[in-house]
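Undergrad: Just to be clear, the model below is a prediction. Sequence and coordinates:
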Amino acid sequence: LILVTELDYIEDVEHLFQLASIELPSNAAIVSTKWLSDCIRAKALTTPEKQHFLCRKAPEKKLPEDSATSTDISSASAAAFPTEFLCQMRCPLEHHNASLAQALSVLARNSEHQYGITKDQQYYAKALAFDRAAACLKSLQQPLLSISQLTDSCPRYIGDHAIRIITELLNTGASAEVDAVTGSDLYQCMTNLTAVYGVGQALAYKWYSCGVKSVSDATHRLLRHHECGEGQQQKRDSELVALLPMGGGDHKRLQTGLAFHNDLVNKPVALAEASYFRDLIAKLLLELRGPGFTVTLVGGFSRGKSTGHDCDLLITHDVEGREAGAVSDLARVLTAAGMVIHGTFEANSFSPSVLSRDFRVKELRSTLDHFEKWLGVIKLSSRDADSSTVDRDVESIMAKIDGNGCDRRGEGLPAAKRRALSPNYCAFDSFAEAVAMAGGEAGAASASRGWLARRVDLIAVPQSQYAYALLGWTGNRLFNRDLRLFAQRQRRMKLTSHGLFDLQKEASLPASSEEEIFQHLGLDYIPPKFRNC
DNA sequence: GAGCAAAATTT
DNA sequence: AAATTT
DNA sequence: GCTC
Ligand SMILES: Cc1cn([C@H]2C[C@H](O)[C@@H](COP(=O)(O)OP(=O)(O)OP(=O)(O)O)O2)c(=O)[nH]c1=O
Ligand SMILES: [Mg+2]
């Protein structure tokens, strides 16, 4: 007896039979639809093999999730936990309600587009609400098969509208509202345009209104605009000025996003690639600044994703303060090695005066040009990267910078020369040059050029802020927003990626690990793989 | 009806 | 202040 | 849109 299913886990099948009050035959081989495909391809019934059989879920919950550990908290603060926040739900990357969650996130993105179009803040909030509802579904331990499972006790953040969508999907397999959005020209174009680095909802809609509906439309129009601009055709200019972000400006970031769009959006960064870059940065730091640095791959990869839209690296040093200047040094050598297409520095200044301790730190350091963050688009080799190539690549980079007369450390440079390197860098002068560098408009030449354009975030923080930076940069975005909301609303504390400030004690709370931060907040620790809200 | 995370930069 | 990014 |  062979049982073919589209469900992902044996537990899901058991659950379904249980709901239907049918006994699951004990002699049934439970296989995925892949078995069926293979049989069809073989034009014969074949014996199911290992890769066809469904698995049981890995025993994740080693922790006895009983009330024992949480009684002290929940009994003491039953009123403080009226309902569960998203940041306490465990949201794994792969879950049991992907299609339902996807439907709700379509409505979230649509609300975001509406926000860009109307500037009505209500739409921004609606997008948040739909994202939260989707996240709730990700935390469910079983696939939702009947709406009655929700009507008894509904998770926080799932309200009337979400229930309506879910009911529709469960009963008919489709939702008229979601399908209308998905099928609309506006939604499709806004989705494609806002995917470009440097294009937000406002510019995307401006372009859409002008008939620029795709990335290639935008690229062509911008190329023509620049040609005509140099040929001083003023009336052409006035037609197309609407295409650019407000004011004049450089638009180098936008130009980078457009020219390298195919690499940046259609070729996601693989884990192996990100790990390679982490190793490269770690070894460069050792060469440039000596031992004591740690470089951690954060962002989506640290939550278990196997691909990402960028590579986020968090840097710190055993000795407080020694991390200062590390980001500048790295950006400088990467630039000198010819790897950088576009890069911007950001300073680490704390505007909220509530973080008084950190405020003083800022004032102490503000005289130095202390950059903590660098956002870059760089060329990374598209050949297979393994650990043996890292050493070679480090050597080659060091050779290039020594040959260029580039200081290994920024300290020796006069202030004027340093400013020339910062805060912005761009390897091309015109959009046409950028497109040429990318290998033409189709961007098809990436195989022959031997490299891919990759977005990279480098963040360096002192040891004392490391735990907060790690928490913040591990994300995801929705998890951060909900955790920070919890801190503010339930604990009267202000949480940022630099620290946690108790507004009543008027004191910031040091932490040396993520676990300590959760303790400060009175929450059970949620490991990164369950922060995929 | 109020609030929705919090930070940075650029024009 | 608006727009974009993390 | 959802919670308080
Ligand atoms: C975009 C964004 C990110 N962050 C934090 C959480 C993110 O995990 C972290 C890195 O940002 P991202 O690199 O934008 O997000 P990501 O790494 O989670 O996803 P991807 O794989 O697509 O790169 O920064 C915020 O706190 N707020 C934000 O608005
Ligand atoms: Mg990332």
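TA: Good, I have the coordinates. Ligands and ions are numbered 1, 2, ... in the order given.

Undergrad: How confident was the prediction at A:D384?
TA: If you check A:D384, the pLDDT there is 78.

Undergrad: In space, what's closest to it - neighbours in sequence excluded?
TA: Ranked by CB to CB, 6 or more residues apart in numbering and with sequence neighbours excluded, the top spatial neighbour of A:D384 is A:A272, at 7.9 Å. Every residue, glycine included, has its C-beta placed from N, CA and C.

Undergrad: same question, A:S216
TA: A:E441 is the one closest to A:S216 (CB to CB, 6+ apart), at 6.8 Å.

Undergrad: A:V461 too?
TA: A:A469 (4.3 Å).

Undergrad: Could you double-check that the residue nearest to A:D384 sits in contact with A:R383?
TA: No: counting by CB atoms under 8 Å, A:A272 does not reach A:R383; the two are 11.6 Å apart.

Undergrad: between the two, which one's more packed in?
TA: Neighbour comparison, A:A272 and A:R383: the larger count goes to A:A272, with 12 against 9 (by other CB atoms under 10 Å).

Undergrad: so how far is A:R477 from the more buried one?
TA: Between A:A272 and A:R477 the distance, using CB to CB, to the nearest Å, works out to 24 Å.

Undergrad: show me the contacts for A:I166.
TA: Counting by CB atoms under 8 Å, 6 or more residues apart in numbering, A:I166 makes contact with A:L100, A:L137, A:L144, A:I147, A:L150, A:I158.

Undergrad: where does chain A have low pLDDT?
TA: Scanning chain A for pLDDT under 70 picks out the ranges A:1-29, A:31-83, A:226-250, A:349-370, A:404-422, A:442-447.

Undergrad: Get me the contact residues on it for ligand 2.
TA: Residues of chain A lying close to ligand 2 by CB under 5 Å from the ion are A:G299, A:G300, A:G308, A:D310, A:D312.

Undergrad: May I have the secondary structure class of the last one?
TA: Following DSSP: H, G, I helix; E, B strand; the rest coil, A:D312 is assigned to strand.

Undergrad: right, and it touches A:G472 too?
TA: No: contact between A:D312 and A:G472 fails when scored by CB under 8 Å: they sit 10.6 Å apart.

Undergrad: so which of the contacts of A:I166 comes closest to ligand 1?
TA: For the contacts of A:I166, the residue nearest ligand 1 by CB to the nearest ligand atom is A:L137; the value is 19.0 Å.

Undergrad: starting at the chain centroid, how far to the helix or strand containing the closest one?
TA: A:L137 belongs to helix A:121-138 when elements are defined using DSSP states H and E. Mean-position distance between helix A:121-138 and its chain equals 17 Å (CA atoms, centre = their mean, to the nearest Å).

Undergrad: Kindly export whatever helix or strand comes next after it (C-alpha atoms) in CSV.
TA: Downstream of helix A:121-138, the first helix or strand assigned by DSSP H and E is helix A:148-152. The C-alpha trace of helix A:148-152 is given here as CSV (Å, rounded to 0.1, in the frame of the first residue of the first chain):
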residue,chain,number,x,y,z
SER,A,148,-12.5,25.7,13.1
GLN,A,149,-8.9,25.3,14.3
LEU,A,150,-8.7,29.1,14.4
THR,A,151,-12.1,30.1,15.6
ASP,A,152,-11.7,28.3,19.0
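
Undergrad: How about the residues of the stretch 151-300 of chain A by DNA strand C?
TA: Residues of the stretch 151-300 of chain A that fall close to DNA strand C, judged by CB under 7 Å from any atom of the strand: A:194, A:196-204, A:245-246, A:253, A:257, A:299.

Undergrad: Quick check: the farthest pair among the residues you listed?
TA: The span of those, defined through CB to CB, is set by A:M246 and A:G299 at 29.8 Å.
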